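# Predicted coordinates and the sequence they were generated for:
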Amino acid sequence: MSSEEADPALKEWSKKEEANQNEQMRSQLERLTKGPRKSCLHRTFNLLSFVMGMAGFLMIIGQLIGLYYYEMDPIQGIMRGYVVLMSLLVILTELQWFQFIRESAILRIWITRGIFYSFVGVLGLEENDTTKISSEHVGVASAVKFVEVVAYIMVGCGCLYFVMGCLCLQLIYNRVVTDYEQRVSEAKANQKKVTGGYKDPTSNGSMA
């Protein structure tokens with residue numbers, strides 16, 4: 001076989017080899033772009049956190065409803081304002097947006113966080129029991145029941161956090177989150193490596 005005949009075959013083989021490598025890199029890149037998946041336990045903890053945050057949001061709604069349906073003096077109005085602020089703090093705690101919340105000794109530890117949540121719920125129940133209803137309109141009973149149920153939900157959330165803290169589930173949660181963050185970092189690093197070595201065959205161009 002002459003060198004003229006061997007060169008085209010060698011070039012064709014090199015092109016096929018490069019195309020196979022690019023295809024492997026492309027499939028690996030697609031797999032990495034999807035990112036690591038959270039474990040079932042991690043998703044369960046996130047669901048619980050969502051429920052806690054929704055309880056805080058409903059607590060605020062309940063207190064605002066109370067401003068319309070209840071007769072109250074300035075002291076009771078101030079107390080409801082405190083409940084609203086503490087319920088807002090519950091939401092921010094679950095979102096973990098601010099550094100002072102992440103570093104707070106009371107809100108960071110699940111046992112003390114549960115005590116705080118229960119206190120907010122009990123305070124809401126107390127306000128609901130000691131404030132007089134301003135009217136007997138249709139729907140007032142439902143509004144009062146809503147405020148009461150939401151307050152009990154907040155107490156239940158606090159008790160749940162307290163129990164999970166006593167069972168050391170926070171350590172498991174921290175381990176799960178750390179593992180997920182490490183897998184995300186590794187996936188990003190691998191994605192950079194694959195992207196750096198990947199050549200899209202469609203980008204070669206047809207111009208000489």
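Noted; the coordinates are in hand. Numbers count the residues shown, from 1 in each chain.
# can you give me the helices for this structure?
Counting by DSSP state H, the chain forms helices over residues 3-33, 40-69, 74-95, 99-102, 105-108, 110-130, 140-166, 169-197, given from the N-terminal end onward.
# Pick out the shakiest of the ones you listed, pLDDT-wise.
Lowest mean pLDDT of those: helix 3-33, a mean of 62.
# Contacts only, for the nearest residue to L92 once chain neighbours are set aside.
Nearest-residue entry for L92: I101, 5.8 Å, with adjacent residues in sequence omitted and distances by CB to CB, 6 or more residues apart in numbering. From N, CA and C alone the C-beta is placed, and that goes for glycine too. Contact partners of I101, counting by CB atoms under 8 Å, 6 or more residues apart in numbering, are L89, L92, T93, L107, R108.
# residues in contact with the closest residue to T112 other than its chain neighbours?
Across the structure, with CB to CB, 6+ apart as the measure, the residue nearest T112 apart from its sequence neighbours is I106 (4.7 Å). By CB under 8 Å, 6+ apart, the residues touching I106 are T112, R113, F116.
# quick one: the residue sitting nearest the centre point of the chain and F162, what's the gap?
The chain has N46 as the residue nearest its centroid, 5.5 Å off, counting by CA atoms, centre = their mean. As for N46, its distance to F162 is 20 Å (criterion: CB to CB, to the nearest Å).
# How about V150?
V150 is 19 Å from F162, where distance means CB to CB.
# Of those two, which one has the most company?
V150 (26 against 19; other CB atoms under 10 Å).
# My guess is that one contacts I60. True?
No - with contacts counted by CB atoms under 8 Å, V150 stays clear of I60, the gap being 9.3 Å.
# Identify the contacts common to these two.
Taking CB under 8 Å, 6+ apart as the contact rule, V150 and I60 touch no residue in common.
# For the contacts of I101, which single residue is the most surrounded?
Counting neighbours by other CB under 10 Å, the top entry in the contacts of I101 is T93, with 23 neighbours.
# what residues are up against that one?
The contact partners of T93, by CB under 8 Å, 6+ apart, come to I101, L107, R113.
# Likewise for I153?
Taking CB under 8 Å, 6+ apart as the criterion, I153 is in contact with A55, L58, G121.
# again, only this time at 10 Å
For I153, the contacting residues are V51, M52, M54, A55, G56, L58, M59, G62, G121, G124, taking CB atoms under 10 Å, 6 or more residues apart in numbering as the criterion.
# The residue lying closest to the first one once chain neighbours are set aside and P36, how far apart?
Translated: V51. Nearest in space to V51, with sequence neighbours left out and distances taken as CB to CB, 6+ apart, is C157 at 7.1 Å. Computed with CB to CB, the distance linking C157 and P36 is 29 Å.
# Can you pick out the residue with more neighbours from these two?
For the pair C157 and P36, the greater number of neighbours falls to C157 (26 against 15), based on other CB under 10 Å.
# contacting residues for the more buried one?
Under the criterion of CB under 10 Å, 6+ apart, the contact list for C157 reads 48, 51-56, 59, 90, 94, 113-114, 117-118, 120-121.
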